[in-house]
Each structure stands twice: as structure tokens, then as C-alpha cells.
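[1] Sequence and predicted structure are below.
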Amino acid sequence: MSVVSSVELAHRLADELIATRKVEAARVWLSEEQFVIPAAEAPEGWFDGRGLTSEEARDLIFSVSPLRFERGFPLGVSELRYGYVEIPNAQRLQPDTRKLLEKRIRAAAVAMSTASTLARAESEGRGRVLVVDDDEALRTLLRKLLERERFTIIEASNGREGLEVAEREQPDLILMDWIMPVMDGEEATVALKNERATSEIPIVMLTHRSRAQDKLEALRAGVQDFVPKPFDFRSLVQTIDTQLRWRRLLSASGGPAIYGAEPPSAREPRGAMLDQLVRLVRSGEPEAALERAIAEAERYEEQRAYDRAGAAYKIAADAAELLDHDDLAKRLLRLSGRAYLNWAQTAVKAEDSQRGYTLSVRRFMEAGNLKVGDEAQAALEEVSTAASNGDALARPVLP
């Protein structure tokens, strides 16, 4: 799934500001290294021959003078300034409208910050993948297909050989077959997670097994995701990309600190099936709830109902925590975060995109993978509160 560019986010922001019917026109200036460019405007052509010049926009972006608020609003997060939102009637806006627009623009800046970080992660290349499978023909097929997609492929023919290769080569991700001679995939996964040198490498299990109980066992062993055999190649590449992106973005050593100590809030999706799963957990049957919630989450993902998949994985994580399976709970929280991220990136409505992004951040924070700075948290909290109250001006633009 490609990352939305800052220019695309600027176009969305300009269009949505006009849609509020509170501003007569909007132009978003972005700073690109030493340049300042008018990235988007609405209505189209309104600023022809009038409005700010590039030099004036540059001065407003980097000025500390209060005058920079007279012709619009600064676009940035904390000390990071991405640009300036030019609104000709800014001074004539009512105080409440100005306040809501400022919150809306700060939320857009948070989205740009995240999109920028994700883009940098993707630009590093697609990564080195270790394929562990006893089927030589399948390994050859995967190597040819994935090399065509610019992945570097390393191979191992069984779990024990996979352990040796993983420790020596330190791949970015491991595709692991479940059933193999010498050492099967589940045993190899446990061994990899118990070794400090390989414990942080994400593992995607290739398997013919589809029962929820089988996948639960693999999650307990340390698997991050599953790809069923026979696999759909596009889904396989998307799964690999997602795992590699989040490993780079959320790594303990180099992940971005864009949030603070407390996760931002947003309403969890609800539904009859989800309510049944919650009742099952609360009635003292967490084991049954765990298996059923994972099965429902996978069904929702197949239907592209990513919001409900995220909620179901969260319920499964709650059940795992009640059973004192803390590591499993964290892995399920990460699956929930991934599902909500997919929701944010595919949602049609802006408020759904905002909720998906906020819930994704919350899940990754609960799993211990993400830290968020105070300014960004404040912006998301404000937008979340306004959106939950049905405030049209608070609808965010998200990557």
C-alpha cells in the first residue's frame, strides 16, 4: 500500500477547508528543502494574480512574528514547519471557527509528518527476505517472484538451517513454512524469538492450515502474520511490505517519537458479533473468546472490513491478557494496529480515516512500539473529541 504524498494531503486539506463554507479560498504552501511551493489551492484559479508571493509565504512559514496569523495559519507539528495555509478571510473568521480550523490544520500536519516518515522508510529499499521451506520448487518460485519486486532473497531448506542463516545473515523478514523435516516452522520460530540476535525479526508463516487454533499456536510461538497456501502473490507482497515498513517505523532503536506517554482516544467500532465476543470475554471464557475473535478478525480482513478486524484483534488481545499470555497479547495488539492502519488508508470518509489512524497509533502504543510527542498528541486528542461530537470542521486528512 503506497504512502500518500504531502502534496496529495495538501490538496485534500484545501478541498476540505472550502467544504466547510467558512473560508472563501484556501492555498497550501509547502516548504521543500530550500524552496516554497504553492502545493494546492481551492477553488482552482481563485489566487491567479493575487494573494501571497513565494517570498512572502517563505517569510510567514519561518517567521516568529504574530503577523503570520493575519493571512492564514502555520502548518506544522511542534518545531517542525511544513508550510502555511493561506486563507484570505482569516481575519474575518469568528474565534470559534478560527480555533476549529487551527485544530484541523494541526491534524493535517500530523498526517504529513507520518506520511513523511513512512516515505523515508519505503525509500530505503524493499529489504532482505529469508525464505525457509523444504519445497525447493516453491523456494525457487518465491525467489523469482520476489526478486522481480526488488527484494533480496536468502534461502534455507528447514527450520534448523533457517536458524543458522538468520543469525548469520540478519534478514529483514523471514517467510517460514509450517511443516518441514528436521525442525518445523513453529519450533524454529520459538528458537528465533529466544535468541537475542534474531528476536526482533518479523516472521510470516506460510501454511496450508486455516483453523483459528493452529494460528493461535503460531502467534504464541511468535509469528507476526500468516499467508495461506496456495498464496495470492499480491497479498504476499503487501504483507511483506507492511511488516517491513512497520519494523523500520516502529523499531525500538530508530522509530519516530511522535506521541507522548498516553495513547490518543477514539471510539472502537461496534457490532453484534463484536459485542458477543466482548460478552464472551467478560463471562469468564477467555480461551473460547480468544480463538473465536482471531477467526472473526481474519474473516473481516478477507472482507476488507478492516475496522471490525482491528476491533476483533483487540478483543483477542484482551482475552490473551486475561490468560496471562502477555507476549501473545502484544502480537495481537500489533495485528489490531495494522488492521486499523489499513482502515485509515482505505476509508472513504475523512472521519473514518481519522479514527482508523488514531486507533492504529493507540494499538501500537499499547504494544510498546510507538511513542508520541505532546504537540501531536494534543492535535489528535482535540480532533478526536471534535469528531466524536460530530464537528464537521474537525475532519482530518490522513495518510
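    Sure thing, it's come through.
[2] So the closest residue to residue 317 other than its chain neighbours, which state does it fall into?
    The shortest distance from residue 317 to any residue other than its chain neighbours is 3.8 Å, reached at residue 332 (CB to CB, 6 or more residues apart in numbering). Any C-beta I mention is one placed from the backbone N, CA and C, and that applies to glycine too. With DSSP: H, G, I helix; E, B strand; the rest coil as the basis, the three-state label of residue 332 is helix.
[3] Contacts only, for residue 332.
    Neighbour list for residue 332: 219, 294, 313, 314, 316, 317, 320 [criterion: CB atoms under 8 Å, 6 or more residues apart in numbering].
[4] State the pair within those that is farthest apart.
    Based on CB to CB, the longest span within those runs between 219 and 314 and measures 14.2 Å.
[5] neighbour-wise, which of these two wins?
    The residue with the greater number of neighbours, taking residue 219 and residue 314 and applying other CB atoms under 10 Å, is residue 314; the counts read 29 against 25.
[6] gap between the residue nearest to that one when sequence neighbours are not counted and residue 321?
    Closest residue to residue 314 in three dimensions, ignoring its sequence neighbours and counting by CB to CB, 6+ apart: residue 336, at 4.5 Å. From residue 336 across to residue 321, the span is 13 Å (CB to CB, to the nearest Å).
[7] of those two, who's got more company?
    residue 336 (28 against 18).
[8] so the more buried one sits in a helix?
    Yes. Secondary structure assignment (three-state DSSP) places residue 336 inside a helix.
[9] Could you say which helix or strand holds the most centrally placed residue in the chain?
    Centroid-nearest residue in the chain: residue 341, 3.9 Å away (criterion: CA atoms, centre = their mean). Counting by DSSP states H and E, the element that carries residue 341 is helix 326-346.
[10] Could you give me the buried positions within stretch 306-324?
    Of the residues in stretch 306-324, those with enough neighbours to count as buried (16 or more other CB atoms under 10 Å) are 306-322.
[11] for stretch 162-176, same thing?
    Of the residues in stretch 162-176, those scored as buried under the neighbour-count criterion (16+ other CB under 10 Å) are 162, 163, 165, 166, 171, 172, 173, 174, 175, 176.
[12] show me the residues around the fifth one that make contact.
    Going by CB under 8 Å, 6+ apart, residue 171 touches 127, 128, 129, 130, 154, 165, 201.
[13] continuing past the helix or strand bottoming out on mean pLDDT in the chain, what's the next helix or strand?
    Scoring the helices and strands of the chain by mean pLDDT, DSSP states H and E places strand 257-259 at the bottom, with a mean of 38. Along the chain past strand 257-259, the next helix or strand (assigned with DSSP H and E) turns out to be helix 272-282.
[14] That next one - contacts with which helices or strands?
    The helices and strands touching helix 272-282, judged by 3 or more CB pairs under 8 Å, 6 or more residues apart in numbering; DSSP states H and E, are helix 286-302, helix 306-322.
[15] quick one: buried residues of it?
    Neighbour-count burial for helix 272-282, counted by 16+ other CB under 10 Å, picks out 273, 274, 277, 278, 280, 281.
[16] Switch these over to CSV; also include distance to residue 348 and pLDDT.
    Conversion of the buried residues of helix 272-282 to CSV gives the following (distance: CB to CB, whole Å; pLDDT from 0 to 100):
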residue, distance to residue 348, pLDDT
273, 22, 88
274, 21, 89
277, 26, 90
278, 27, 90
280, 31, 89
281, 31, 89
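[17] Tell me how this protein divides into domains.
    The domain map for the chain lists 6-123, 128-255, 259-394, with the assignment taken from automatic domain parsing.
[18] and the longest one, how far from the chain's centre?
    What it means is domain 259-394. For domain 259-394, the distance from its own C-alpha centre to the chain's C-alpha centre is 12 Å (CA atoms, centre = their mean, to the nearest Å).
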